[in-house]
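Trainee: Just to be clear, the model below is a prediction. Sequence and coordinates:
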Amino acid sequence: MPIDYDELRRIYRLEKNTSKPVELPEDFYNLLNEFAKEEKNKYLDSLKDLGNSRAKEFSNLKKMLEEFFGIRQKKLLNAVLSALHTGEFSEERMALQEKELFRTVLAAMQKHQALFEEIFSNGNGNSVSGEKPKQKQDLNFVQVKILKGVPSFVGANLKEYGPFSDQQAVNLPYKVAKLLISKGMAELEEIE
């Protein structure tokens, strides 16, 4: 079902006036993209005819969508934080792209939470709270992706590193990783 101004305004008003996300069809952003393209083309055509009403209408559409995106993003972040602390979540009111974003942000937050657990572990694998951390991390190492081939080299700790090939993922000491990143030879590895 295509989106029109009336439906978009209805969804926007509901989104603005409720604390929970409004239920969206999975293909909402695809439909929204098609609608916005059509409206942009109408706007560009109206410029040829020196029409002013289309310009105002298109400007209003852009403002409304900008606010809509901001509201959805805040609700999505709240859902992530809630899922992080309770372990319970639902993706049923989210569009397909939002589900993907939700999972990515949740995974990043879980990794960050594991960092907290590691900092406060008491040495025997248990955290101060008594819970086992999900994944043991060495806080002195960072996972990076090599962007261009790096020949073997000796780090400040007098250990040899490399050689590394393009797109290779490696776990390096923080200082070595920082050096490669600053030289444009590596970037932080994406969270899966």
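Mentor: That came through, no problem.
Trainee: Please count neighbours and contacts with C-alpha atoms only from this point.
Mentor: Noted.
Trainee: Contacts only, for residue 167.
Mentor: Counting by Cα atoms under 8 Å, 6 or more residues apart in numbering, residue 167 makes contact with 145, 146, 147, 148.
Trainee: With adjacent residues omitted, what lies nearest to it?
Mentor: Closest residue in space to residue 167, ignoring its immediate chain neighbours: residue 146 at 5.1 Å, by Cα to Cα, 6 or more residues apart in numbering.
Trainee: if we can go back for a sec, give me the subset of the contacts of residue 167 that lies in strands.
Mentor: 145, 146 (DSSP state E).
Trainee: returning to that earlier point: look up how far residue 4 lies from the residue nearest to residue 167.
Mentor: 46 Å (Cα to Cα, to the nearest Å).
Trainee: between those two, which one's more packed in?
Mentor: Set residue 146 next to residue 4 and count neighbours by other Cα atoms under 10 Å: residue 146 wins out with 23 against 13.
Trainee: That one reaches residue 166, doesn't it?
Mentor: Yes. Between residue 146 and residue 166 a contact is recorded at 5.5 Å, counting by Cα atoms under 8 Å.
Trainee: Just give me the longest helix of the chain.
Mentor: Longest helix in the chain by number of residues (criterion: DSSP state H): helix 53-86.
Trainee: re earlier: quick check, pLDDT for the residue nearest to residue 167.
Mentor: The score at residue 146 is 91. That number is its pLDDT.
Trainee: how about it, what does it touch?
Mentor: Going by Cα under 8 Å, 6+ apart, residue 146 touches 164, 165, 166, 167, 168, 169, 170, 185, 186, 187.
Trainee: and with 10 Å instead?
Mentor: Shown in contact with residue 146 (Cα atoms under 10 Å, 6 or more residues apart in numbering): 164-170, 177, 180-181, 184-189.
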